Every structure is written in structure tokens, then in C-alpha cells.
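Asker: Can you look at this prediction? I've put the sequence above it.
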Amino acid sequence: MTLFERISILAKKHDKSLKEVAEDLGLSRNAIYQWKTSSPKADTLQKVATYFKVSTDFLLGKTDNPSTKGDLLDEEETDLLAAFRLESEDMTDEEKKKFNNSLKGMMKIAKGLLNDDSKWKE
């Protein structure tokens with residue numbers, strides 16, 4: 001997928017035309033269309049990435065992960081990982097695999113319950 005195609009998809013997801021995106025970024029109305037055959041400057045590419053809250057690597061097709069965080073975990077993710085490691089430290093690899101699968105199942109159930117407060121116990 002080309003840079004132009006990725007930006008087009010992101011614009012559609014945000015209910016924006018490419019002309020609107022260009023104007024929002026202070027670019028000429030047809031600037032993004034020109035990227036079908038040429039590449040933007042690095043600072044312009046970064047503006048687009050910031051606008052859509054994605055990484056420049058995603059826009060360039062170097063990754064399919066749009067996250068700007070890369071491999072960095074936020075505080076809650078770090079806490080969950082620490083809890084998993086603490087609870088599974090004396091398990092075999094096979095037990096850890098089973099434990100992990102059961103946690104994934106429980107998380108799906110919990111996520112489904114989020115919209116129904118009557119299901120939560122305090």
C-alpha cells in the first residue's frame with residue numbers, strides 16, 4: 001500500500017476529504033494528491049502523522065501498526081505485565097501458556113461486561 005493510499009484510508013476513517021486534510025495542515029489543496037508520484041518532505045510527513053495520530057513508519061508502509069508508541073508500554077500495561085510475571089513465576093512453560101489463555105478468556109468476558117454495570121460486584 002502506498003503513502004497516498006494510507007492517507008486516503010485515514011482521511012475516510014476521519015470523515016475528511018484529502019483536500020480538507022491538506023487545508024487543515026496548511027498545505028496546498030492538491031498537495032496530498034501529488035504524493036501519488038512524489039514524496040513529501042520529512043517535516044510534512046511528520047505533520048500528517050501527528051494529524052492522524054499514527055507513526056511515520058506506518059504512513060511509509062514500514063509497519064502495519066499505526067501506533068506511535070512503538071514497543072513502549074503505558075503504566076497500566078506495565079502493571080498488568082508485572083502482575084502476570086509475579087503470578088506465573090513458579091509455573092512451567094506449559095502452565096504459563098494455559099494461564100495466559102484463561103486470562104485472555106476472562107478479559108473478553110470482562111470487556112463484555114463493561115457496558116452493564118449491574119454485572120459488576122463491588
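Answerer: All right, it came through fine. Residues are numbered from 1 along each chain as shown.
Asker: Can you report phi and psi for residue 50?
Answerer: phi -60, psi -40 (degrees, to the nearest 10).
Asker: just the helices in this structure please.
Answerer: Remark: helices assigned in the chain by DSSP state H are 3-13, 18-24, 31-34, 42-52, 56-59, 75-88, 93-113.
Asker: So which of those helices is nearest residue 66?
Answerer: helix 56-59 (4.4 Å; Cβ to Cβ). C-beta coordinates here come from the backbone N, C-alpha and C atoms, glycine included.
Asker: Show me what that closest one is packed up against.
Answerer: helix 3-13, helix 42-52 (3 or more Cβ pairs under 8 Å, 6 or more residues apart in numbering; DSSP states H and E).
Asker: Dump the ones you listed into CSV; add mean neighbour count and mean pLDDT as well.
Answerer: Below are those laid out as CSV (neighbours: other Cβ atoms under 10 Å; pLDDT from 0 to 100):
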stretch, mean neighbour count, mean pLDDT
helix 3-13, 16, 94
helix 42-52, 16, 93
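Asker: Among those, which comes closest to residue 36?
Answerer: Of the helices and strands packed on helix 56-59, nearest to residue 36 by Cβ to Cβ is helix 3-13, at 4.8 Å.
Asker: Please name every helix or strand in contact with that closest one.
Answerer: helix 18-24, helix 31-34, helix 42-52, helix 56-59.
Asker: Could I get the contacting residues of residue 99?
Answerer: For residue 99, the contacting residues are 87, 88, 91, by Cβ atoms under 8 Å, 6 or more residues apart in numbering.
Asker: neighbour-wise, which of the residues you listed leads?
Answerer: Counting neighbours by other Cβ atoms under 10 Å, the top entry in the contacts of residue 99 is residue 88, with 16 neighbours.
Asker: Residue 40 reaches residue 48, doesn't it?
Answerer: Yes: using Cβ atoms under 8 Å, residue 40 makes contact with residue 48 at a distance of 7.3 Å.
Asker: Endpoint to endpoint, stretch 8-21 covers what distance?
Answerer: Using Cα to Cα, to the nearest Å, the end-to-end distance of stretch 8-21 comes out at 10 Å.
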